[in-house]
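Undergrad: Build me a model from this:
(3 chains)
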Amino acid sequence: MIEVKGLTVRFAGVTPIDDMSVTFPGGACGLIGPNGAGKTTFFNVLSGFVKPAAGSIQAFGEDLLKLVDYRRARWGLRRTFQTEQAIEQLSVFDNVAMIHEHSGEGRSARNEAVMTAIEFVGLEADPRAKVGGLGARERRLVEVARAVVGKPRVVLLDEPAAGLPDEETRHLADVIQRIPQHFGALVVLVDHDMSLVSACCETTAVLDFGKLIASGPTAQVLRDEAVINAYLGTEEEL
Amino acid sequence: MSSVVAFSVFGVDWEFLKPYIVLGLALGGVYALSGTGIVVLYKATGVLNLAFGAVGAAGALIAYWMVNHTSWPHWLAYTACVVFGGVVNLLYGVVFGPAFAKRDPLVKMMGTLALALILLGIMAWRAPAGGAFVRVLTLPSSSHYYTVFGARVNLTQILALAFAIALTVVTTLFLRYTGLGTAYRAIANDREITATLGVPVRRVEASAWLGSGLVCGAAGLLLADLYTSLDYTALTFLVISSLAAALIGRLESLWVTLAGGLLVGFVQSILTPYGSVTAYRAATPFVLSIIALLWMGRRRVVVFAPATP
Amino acid sequence: MPSVDRPLLVRLLVIAALLVVALVVFPATLGGDWINTFTSVAIYSTVAAGLVVLYGRVGMISLGQIAILAIGTWIATRLSYVVNLPFPVLLLVTGAITCVIGVLIGLPALRLSGLYLALITLMAAGAVNVVLAQIQFPNGGGGFTARTDNPSLSGLKAVPRPSAATGDNAYYRYTVIVCSLMFLLAVVHFASKPGRAWAAIRESEPAALAAGVNITLYKLWAFALASFITGVAGCLLAAQIGQPNTYSFPTQDSLSLIATALIGGIFTLWGAIIAGVFMQLLPFLFQAQWSVNPNFLLVVFGCGLLQVLLSAPGGLIDQFPKDMANLGRLIARKVPLTRQAALGIASILALIVGIVLIVMLKSTPIVGIVVVVLSPVFASLSQD
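TA: Numbers count the residues shown, from 1 in each chain, chains lettered A, B, ... in the order given. Below is the predicted model of the structure:
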């Protein structure tokens, strides 16, 4: 469970996150909202790139904000980015293994953990192949494998389906759904593809202008009028 | 009659230091001059031009040659130095600028290092420095002396300082109130968008290269005179002092650049008569630059782009 | 169990062949001046290897590596006046002290990147040079700097070479072996955990952080490795020169080093070897063998650097095979070239032809210079 209380982020005269309080109960949770709502900023706070002006984040009972940024990965925080961050010159195996290397886990378990992660996401490419030579779909799966290898506790997925055709999105949905029970991790999924969010996430929170405007079971949230208005806008009497 | 009252503030004998202060402020003026050129060019094009010193040195060598090996009037030689600075910088900016336009500022700066290398090679070939032979370039203004605040100052030194102040004033007004100046600031903000607004980006950038180049030529001429010997290697690496001024101004503020240049010149010169530290006074621009850079980098910024070219 | 893959085997064979040529063929066939030059090539290739680690692998530019080399040489010289260490120990101690100094200099620079990092390394190098210009190199005098302006003959002793390798040929072999070990040290780093962490840092610092990489630690480790091998190179240089002084480290060497390192190829250690060759062998050839003014090489390095920056970031080692393949395809199968490929070939050819013209037309070098300058012009046009 992740509990966020009164989170506020300010920089350069903008307030991307404004007194946000939300609880992610467990399993796979969606986080949606129109562009600029603060979703990626929230992930950046979790990753440690952005320091909040106020607020607290408790994850599995521990104060996440107290940990130095790179140590959060060791604690079990994993993340994918909107732009690909896998290292092109390294092989698939090395890319995934690197996360394991720096997570404080022992070398003996590494091979198995890496192959487990690769198989889990359904990546069929040769683990020794360089990532630079893979197609978009496989690179996306490498990112997800990096996010689940070893013992992840919180997996943040930032628009993993962006630009993917329907068939691959379905495969991705299947993978994401299985993460909580297979690895015991809490997943927070940010995406604009509502079918993906509905398929994977039991609960969803909605941000707009840095504020939480709805949260609860996904189906309910997606039908909430405030949420629809946030995305589509409201009519104004002229 | 000049004042002969010696005065002591902070236990320092200022009367004794006066000639050093004068020279320091004059040199500082030239550093500020060159520094202003560096800052304006950086603002308009994103290029930190480390070849400024080399171009100035080459121009000074050309002026020297014209003065000593031709019968052409001297003012033509001095003009040639200034024009050379403008032309070489303009050529570089026009030929290579567009290709570098979308690159990282580091890569743009390394391009200017390449230019400096090329010029150093050509200068070493055409004007080899050697042994007892020393080239001297003295401007006619250096033979006019005045007494200011009881110190002996020559016209070149006054001109250097005056020119620096004037350039700072003019450039500040230019950037704020003219259409071209606004274009510089717009391009500095976002080149692509400015281009879509109909601003002739390449022509604006070319004007920045020409303008800063002319300043660079003038600075080269003044330095060759103030430094008493035309050592092109030394002149080339004097760009560091100009760079120190620009860095103190955070590559941003022209007035702070002026102050920075004067500070560098002043501190370095004032340390000259003190035997215990005089040998290390050449480190002044380096030390001040390091402090300026550490100050500029004090906030940890997380960068999302890959680092190497 | 996978068999050793072919590319690796080929690479090992090439390395073995090169070592045989360097260690056996060269000393047997070349004269003293050549051997001395190749000793310098090995040393400066090692310095360039430090740049490959810092800039090529981690993305941290350093314009101050020559200053680090000078520090290494100074330390080795100073130590030789204090204790009579066996040479391998002198190498290690010099490397270690230089390593510590390099890390100390690197610490405040950690927050900086790109342009500001380049500038601060340039400034730090400048400050080091001012200090060195003042304290000079030790020559047997007293005090911490062991320097006196009136050295007695007994005080002015040279940095001793290893007892087994005092002659030039033997010292050359010794140097090549030590430098190869330094390269091996770098390779071992690249193939293991730090190498992967560096690749992650260079690709994207946020992603590396999110992956759990302790960026501060690994950046300092890179500084440490680069400073260590540069320090060892400095010690080798000290014993090669015997009585080093500040003239051994002219300011423009810093520019030449970064230029040749990028021209050779900053992303691989092979590029470092090319850098050493360009920086030390070419001037020797120009000056001693062909009676051509070596200052023209500064022009060549400048043009080569521009060309690399504009169109060939991987340097010669990366670009030359590609260009030759394109050319081969044009000639053999008459496949038309794209404008970019054609300009790329023209750009490299201009560089090579220009160098040849400078050497051959000694009385009118301007022809060669103009051709060489065309190289970056072509490169610039290819980017439009």
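Undergrad: Please identify the residues of the stretch 251-384 of chain C in proximity to chain B?
TA: C:251-252, C:255-256, C:258-259, C:262, C:266-267, C:293, C:295-303, C:305-306, C:309-310, C:313, C:365, C:369, C:373, C:376-377, C:379-381, C:383-384 (Cβ under 8 Å from any Cβ of the partner chain). From N, CA and C alone the C-beta is placed, and that goes for glycine too.
Undergrad: Just the buried residues out of the residues you listed, in ChimeraX syntax.
TA: Restricted to buried positions by 16 or more other Cβ atoms under 10 Å in any protein chain shown, the ChimeraX selection for those reads:
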select /C:251,252,255,256,258,259,262,266,267,293,295,296,297,298,299,300,301,302,303,305,306,309,310,313,365,369,373,376,377,379,380,381,383
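Undergrad: So which of the residues of the stretch 251-384 of chain C next to chain B are in helices?
TA: Residues of those located in helices (DSSP state H): C:252, C:255-256, C:258-259, C:262, C:296-303, C:305-306, C:309-310, C:365, C:369, C:373, C:376-377, C:379-381.
Undergrad: show me the contacts for the nearest residue to C:Cys99 once chain neighbours are set aside.
TA: Of all residues not flanking C:Cys99 in the chain, C:Phe228 sits nearest, at 4.1 Å (Cβ to Cβ, 6 or more residues apart in numbering or on different chains). Neighbouring residues of C:Phe228 by Cβ atoms under 8 Å, 6 or more residues apart in numbering or on different chains: C:Gly95, C:Ala96, C:Thr98, C:Cys99, C:Gly102.
Undergrad: what's the pLDDT at the residue of chain A found nearest chain B?
TA: Ranked by Cβ to the nearest Cβ, the top residue of chain A for proximity to chain B is A:Phe49, at 4.9 Å. Looking at A:Phe49, its pLDDT is 85.
Undergrad: just B:Ala6 next, same as before
TA: Per-residue confidence at B:Ala6 stands at 51 (pLDDT).
Undergrad: all strands of chain A, in order?
TA: Ranges of strands within chain A are A:2-11, A:14-24, A:28-32, A:54-59, A:62-63, A:77-79, A:154-158, A:186-190, A:203-208, A:211-217, based on DSSP state E.
Undergrad: and the shortest one, which strands flank it?
TA: Partner strands and pairing direction for strand A:62-63 (DSSP bridges) are strand A:54-59 (antiparallel).
Undergrad: Could you check how far the strand it pairs with is from the centre of its chain?
TA: For strand A:54-59, the separation from the chain centroid amounts to 17 Å (computed by Cα atoms, centre = their mean, to the nearest Å).
Undergrad: same check, this time on stretch B:253-269
TA: Relative to the chain's own centre, stretch B:253-269 is displaced by 11 Å; criterion: Cα atoms, centre = their mean.
Undergrad: Could you confirm whether any residue of it contacts chain C?
TA: No - using Cβ under 8 Å from any Cβ, stretch B:253-269 stays clear of chain C, with a minimum separation of 11.0 Å.
Undergrad: May I ask which helix or strand of chain A has the lowest mean pLDDT?
TA: When each helix and strand of chain A is scored by mean pLDDT, DSSP states H and E, helix A:225-232 comes last, with a mean of 79.
Undergrad: hey, where'd the helices end up in chain A?
TA: Along chain A, counting by DSSP H, helices occupy A:39-47, A:69-75, A:92-101, A:110-120, A:136-148, A:166-183, A:194-200, A:218-223, A:225-232.
Undergrad: Now do the fourth one: everything it contacts.
TA: In this structure, residues lying in contact with helix A:110-120 by Cβ under 8 Å, 6+ apart are A:92-93, A:96-97, A:100-101, A:105, A:127, A:145-146, A:148-150, A:175, A:178, A:182.
Undergrad: run the last query once more with 6 Å
TA: Applying Cβ atoms under 6 Å, 6 or more residues apart in numbering or on different chains, the external contacts of helix A:110-120 come out as A:Phe93, A:Val96, A:Ala97, A:His100, A:Ala145, A:Val148, A:Val149, A:Gly150.
Undergrad: State the distance from the residue of chain A closest to chain B to C:Ala207.
TA: Plainly put, A:Phe49 is 11 Å away from C:Ala207 if you go by Cβ to Cβ, to the nearest Å.
Undergrad: Compare those two (neighbour count), which wins?
TA: A side-by-side neighbour count of A:Phe49 and C:Ala207, using other Cβ atoms under 10 Å in any protein chain shown, places C:Ala207 first with 23 against 18.
Undergrad: if I read this right, that one contacts A:Glu84, doesn't it?
TA: No - counting by Cβ atoms under 6 Å, C:Ala207 stays clear of A:Glu84, with 9.0 Å between them.
Undergrad: Could you tell me which residues within stretch C:101-118 count as buried?
TA: Within stretch C:101-118, the residues that count as buried by 16+ other Cβ under 10 Å are C:101-103, C:105-106, C:109-118.
Undergrad: dump the residue contacts of the residue of chain A found nearest chain C.
TA: Going by Cβ to the nearest Cβ, chain C is nearest to A:Ala73 of chain A, at 2.9 Å. Going by Cβ under 6 Å, 6+ apart, A:Ala73 touches C:Ala211, C:Gly212.
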